[in-house]
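Peer 1: Whatever this is, show me its structure:
(one chain, ligands or ions: 1)
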Amino acid sequence: MGEENLLPNRQIILKNYFQGCPKETDFELRTTNVSTEIPHGSKGVLLKNLYLACDPYSCHLMRPQGQSRLFTHSFIVPGSVVNGHGVAKVIKSGDEELKEGDYVWGITGWEDFSMPGLAAYVGWNEICCPKKGETVYVSSGAGGVGHLVGQFAKMMGCYVVGSASTNQKVNLLKTELGFDDAFNYKEGDLRSKLNKFYNLKEPQGIHNLFSLIEKRLSLRGFVVADYKHMYPEYAEWAIKKLQEKKLVYVEDVITGLENVVSAFVGIYHGHNIGKRIVVVAED
Ligand SMILES: NC(=O)c1ccc[n+]([C@@H]2O[C@H](COP(=O)([O-])OP(=O)(O)OC[C@H]3O[C@@H](n4cnc5c(N)ncnc54)[C@H](OP(=O)(O)O)[C@@H]3O)[C@@H](O)[C@H]2O)c1
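Peer 2: This is a model prediction of the structure:
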């Protein structure tokens, strides 16, 4: 194969499994070459990555077998390219359903070549089953999921309180995103702040299972991957709301593949406002 058929490809490699929060030293940047040739008869596709998402769940993909509470095995092992959700452009295609210039989204590698919102939509509509007039508290209210959930709750007619780690984020919730109230959970006493909104003499935590019955509580976990079938419904609804300017989507944009690791590590320290994405290439 001639060198004219090769493109340099920067890749983010997982160096070692990490414990707790990921660190920048757990990753390394490697440059290899990728062939631009699609073998004859193959349905292979060469993609140029444009946008990569930083998602908190990704750390569970990079834990040793048996050490993740979400997955039973490691999806990304040391020495391999890190992956996650992204948007890419088709450069070459052997698949008749995809042509050069098409844009695609899905799981892609953190490399040059190779969507939040559904979690908020499913969590709010399918799991919470909200009622108009209820008080809703959104922790991490200025995060990728939280800033959308708060707005969904407002559209439903709920009283919405959010919390975040900085006054800049709190301000965003109250001014741009229409939360009824918001507070900085790092300042003062969290319990008394929550009491202000719920008007409780004593915090009503779940002390034992009988409390679920007595207080008519529902407690339910979910994994958004189980609700992929709802994506078209969510996309149609959200795009209409965005066009009508009834929904604000906050993106925290970092530029350059070389910055994807620090961008990812930063979400575990509250450095993002809204959904953090990395722009690898504009087109
Ligand atoms: N069940 C599912 O299927 C599903 C799907 C998507 C997301 N999620 C979960 O939903 C949560 C939000 O996801 P996201 O994508 O919207 O993330 P995100 O909010 O965009 O990013 C993480 C945020 O969490 C807060 N944070 C970071 N470190 C923290 C710490 N040590 N203690 C407390 N808060 C910390 C920070 O906000 P502050 O600076 O305001 O503290 C940070 O901005 C995550 O826990 C994620 O795993 C679950």
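
Peer 1: Could you give the number of residues near the closest residue to the ligand within the stretch 1-150 of the chain?
Peer 2: Here the residue of the stretch 1-150 of the chain nearest the ligand is residue 143; by C-beta to the nearest ligand atom that distance is 1.7 Å. For the C-beta atoms, the positions are set from N, CA and C on the backbone; glycine is no exception. Counted with other C-beta atoms under 10 Å, the neighbours of residue 143 add up to 26.

Peer 1: so what's it up against?
Peer 2: Contacts here follow C-beta atoms under 8 Å, 6 or more residues apart in numbering; on that basis residue 143 touches 164, 272, 274-275.

Peer 1: Looking at the residues you listed, which is nearest residue 235?
Peer 2: Among these, residue 275 lies closest to residue 235 (C-beta to C-beta), at 15.1 Å.

Peer 1: Toward the C-terminus, what is the element adjacent to the top strand by length along the chain?
Peer 2: Under DSSP state E, the strand in the chain containing the largest number of residues is strand 83-93. Along the chain past strand 83-93, the next helix or strand (assigned with DSSP states H and E) turns out to be strand 103-109.

Peer 1: Kindly present the contacts of residue 143 as a markdown table, with separate columns for distance to the ligand.
Peer 2: Converted to a markdown table, the contacts of residue 143 look like this (distance: C-beta to the nearest ligand atom, whole Å):
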| residue | distance to the ligand |
| --- | --- |
| 164 | 3 |
| 272 | 5 |
| 274 | 7 |
| 275 | 6 |
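
Peer 1: would you list those in JSON lines and tack on neighbour count and pLDDT?
Peer 2: Formatted as JSON lines, those follow (neighbours: other C-beta atoms under 10 Å; pLDDT from 0 to 100):
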{"residue": "164", "neighbour count": "27", "pLDDT": "97"}
{"residue": "272", "neighbour count": "22", "pLDDT": "97"}
{"residue": "274", "neighbour count": "21", "pLDDT": "96"}
{"residue": "275", "neighbour count": "22", "pLDDT": "95"}
